[in-house]
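Participant: no sequence for this one, just the structure:
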Ligand SMILES: [Zn+2]
């Protein structure tokens, strides 16, 4: 279960709306208590994908490292990654799976016609062959 506090949630939705019709991406910072995760801050990251960004995002490893460092400085952990799906459902695509890693939650925000529509959180398995839906509260 992952719970996103109202401030980071508002930031994530604003980011996704601003980058529409392109995909946005960012880091979610917070804490983990067993199966329960709490997101207390969101950090916008650059979509580094060189091609059309309407259906693709890419994170640079150095940006992820910086987000991880920022989390630790604020006594939090990097617990997940978010990105948007412009005019598309919040599913976990094959590309998303390939670019995933099993220790993060992956929140996908569906933005339809520029407005927030729905969101899902995904937990990829260890061989990145499938992702399970995680209960998401925001
Ligand atoms: Zn995606």
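Facilitator: Structure received. Not measured: the values here are computed from a predicted model.
Participant: output the lowest mean pLDDT helix or strand found in this protein.
Facilitator: Here the helix or strand of the chain ranked lowest by mean pLDDT, DSSP states H and E is helix 94-98, holding a mean of 94.
Participant: show residues contacting that one.
Facilitator: With Cβ atoms under 8 Å, 6 or more residues apart in numbering as the test, helix 94-98 has contacts from 56, 83, 106, 108, 122, 124, 128-131. The C-beta positions use only the backbone N, C-alpha and C, and glycine is treated the same way.
Participant: and whichever helix or strand comes after that helix, what does it pack onto?
Facilitator: Using DSSP states H and E, the helix or strand that directly follows helix 94-98 along the chain is strand 105-112. Counting contacts by 3 or more Cβ pairs under 8 Å, 6 or more residues apart in numbering; DSSP states H and E, strand 105-112 packs against strand 2-4, helix 6-19, strand 77-86, strand 115-124.
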